[in-house]
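Asker: below are the sequence and a predicted model for it; my questions follow.
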Amino acid sequence: MKSTASGTLTVDDLHVHFKEICAVRDVTFEISTGETVAIVGRNGAGKSTFLKSLAGLIPDAAGVVLWNGSPLTKLMRRKLVAYLPQREEIDWSFPVTVRGLVDMGLYPLVGPWGRFTQAHRNATEEAMAKMGLEGLEDRRIGELSGGQQQRAFLARAIVGGARIVLLDEPFAGLDTKACRRLSQLIRSLAESGSLVLASHHDLKSIPETFQHTLLLRTRQLAFGSSEEVLTPENIKTAFE
Ligand SMILES: Nc1ncnc2c1ncn2[C@@H]1O[C@H](COP(=O)(O)OP(=O)(O)OP(=O)(O)O)[C@@H](O)[C@H]1O
């Protein structure tokens with residue numbers, strides 16, 4: 001379930017309003033597969049809203065989002081985009097095993113009445129192996145550690161060959177070892193042809209995982225290489 005052709009995501013003048021509240025404005029950048037982007041800003045800066053709007057979860061978002069120069073339609077999003085919400089938005093008591101969860105990532109490809117083929121089953125096994133979930137396939141998601149849970153959801157995100165992977169605070173609540181492992185997996189996802197955008201709070205650890213940084217404070221303050229963006233001056237403007 002994999003495509004290796006390169007792809008470019010263009011975001012032009014993205015705005016999101018919730019009635020009178022402006023949550024995100026003036027976001028404009030372009031980025032290609034193989035890259036990793038940290039979305040950074042203080043609480044309420046618009047990070048989650050921005051990721052949700054790329055995932056197509058905010059119908060009223062204004063602005064242009066293109067994939068290889070064409071509008072990212074609802075149908076394209078179903079195939080191209082994988083979104084991992086914040087931990088607290090997930091019902092960890094939901095009675096599903098790791099394998100069942102990863103299979104869910106194939107539903108947009110299989111369709112509601114479609115049949116799982118051997119290729120689909122292989123894709124699930126591959127995604128679980130890639131995320132280091134061997135031996136945990138039949139465990140319920142509520143019985144996993146935080147790091148294992150994140151990796152199970154990442155496997156679900158990538159099983160259908162998503163090219164744009166959106167992660168909302170994937171490192172939240174993980175210990176140092178689990179963070180290091182997740183960082184490696186995010187980098188290997190990008191190396192294998194995806195574009196990964198993730199909101200992230202720990203400024204020090206950004207360069208290790210993310211080549212680029214989008215700095216938000218409702219509006220876009222900066223976008224570029226993480227070293228260029230994370231200057232003391234920019235950080236002060238974003239967090240003060
Ligand atoms: N569904 C909604 N309805 C109304 N306002 C909203 C909604 N979702 C977000 N907002 C507002 O939009 C702004 C941006 O919120 P958002 O959750 O995107 O910020 P964030 O940077 O992800 O914050 P945090 O780091 O705390 O998760 C905030 O002012 C928030 O109150």
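Answerer: Nice, I can see it.

Asker: tell me the contacts of the residue sitting nearest the centre point of the chain?
Answerer: Centrality entry for the chain: nearest residue to the mean C-alpha point is Leu166, 1.6 Å, by C-alpha atoms, centre = their mean. Residues counted as contacts of Leu166 (C-beta atoms under 8 Å, 6 or more residues apart in numbering) are 51, 54-55, 81-84, 197-198. No exception for glycine: its C-beta is placed from N, CA and C like everyone else's.

Asker: just the pLDDT at it, thanks.
Answerer: Predicted confidence (pLDDT) for Leu166: 95.

Asker: helix or strand for it, which one?
Answerer: Assigned by DSSP states H and E, Leu166 belongs to strand 164-167.

Asker: what element comes up after that strand heading to the C-terminus?
Answerer: helix 176-191.

Asker: rounded mean pLDDT for that next one, please.
Answerer: Helix 176-191 comes out at a mean pLDDT of 92.

Asker: which positions in the helix or strand of the chain with the lowest mean pLDDT come out as buried?
Answerer: For the chain, the helix or strand with the lowest mean confidence is helix 107-110, at a mean of 82 (criterion: mean pLDDT, DSSP states H and E). For helix 107-110, burial by neighbour count (16 or more other C-beta atoms under 10 Å) applies to Pro108.

Asker: and that helix, what other elements does it pack with?
Answerer: Identification of packing neighbours for helix 107-110 by 3 or more C-beta pairs under 8 Å, 6 or more residues apart in numbering; DSSP states H and E yields helix 74-80.

Asker: any idea which helix or strand comes after the helix it packs on?
Answerer: strand 81-84.

Asker: quick one on the thing from earlier: sheet partners, orientation included, of the strand holding Leu166?
Answerer: strand 81-84 (parallel), strand 195-199 (parallel) (DSSP bridges).

Asker: so which of those comes closest to the ligand?
Answerer: strand 195-199 (6.2 Å; C-beta to the nearest ligand atom).

Asker: can you confirm whether the strand holding Leu166 lies near the ligand?
Answerer: No. Strand 164-167 is not in contact with the ligand by C-beta under 6 Å from any ligand atom; minimum separation 12.4 Å.

Asker: buried set for that strand?
Answerer: Neighbour counts over strand 164-167 (16+ other C-beta under 10 Å) mark 164-167 as buried.

Asker: alongside the ligand, which residues does the chain contribute?
Answerer: Applying C-beta under 6 Å from any ligand atom, we find that the chain lies next to the ligand at 18, 21, 23, 41, 43-49.

Asker: widest-spaced pair of those?
Answerer: Using C-beta to C-beta, the two most remote members of the residues of the chain next to the ligand are Phe18 and Gly41, lying 16.9 Å apart.

Asker: more crowded one of the two?
Answerer: Higher neighbour count among Phe18 and Gly41: Gly41, with 22 against 10, using other C-beta atoms under 10 Å.

Asker: contacting residues for Leu221?
Answerer: Residues near Leu221 by C-beta under 8 Å, 6+ apart: 41, 215, 234, 237-238.

Asker: quick check on it: phi, psi?
Answerer: Taking degrees, to the nearest 10, you get phi -90, psi -40 for the backbone angles of Leu221.

Asker: how far away is it from the ligand?
Answerer: Using C-beta to the nearest ligand atom, to the nearest Å, Leu221 is found at 13 Å from the ligand.

Asker: excluding its backbone neighbours, what's nearest that residue?
Answerer: Take Leu221 and drop its neighbours on the chain: the residue closest to it by C-beta to C-beta, 6 or more residues apart in numbering is Leu215, 4.3 Å away.
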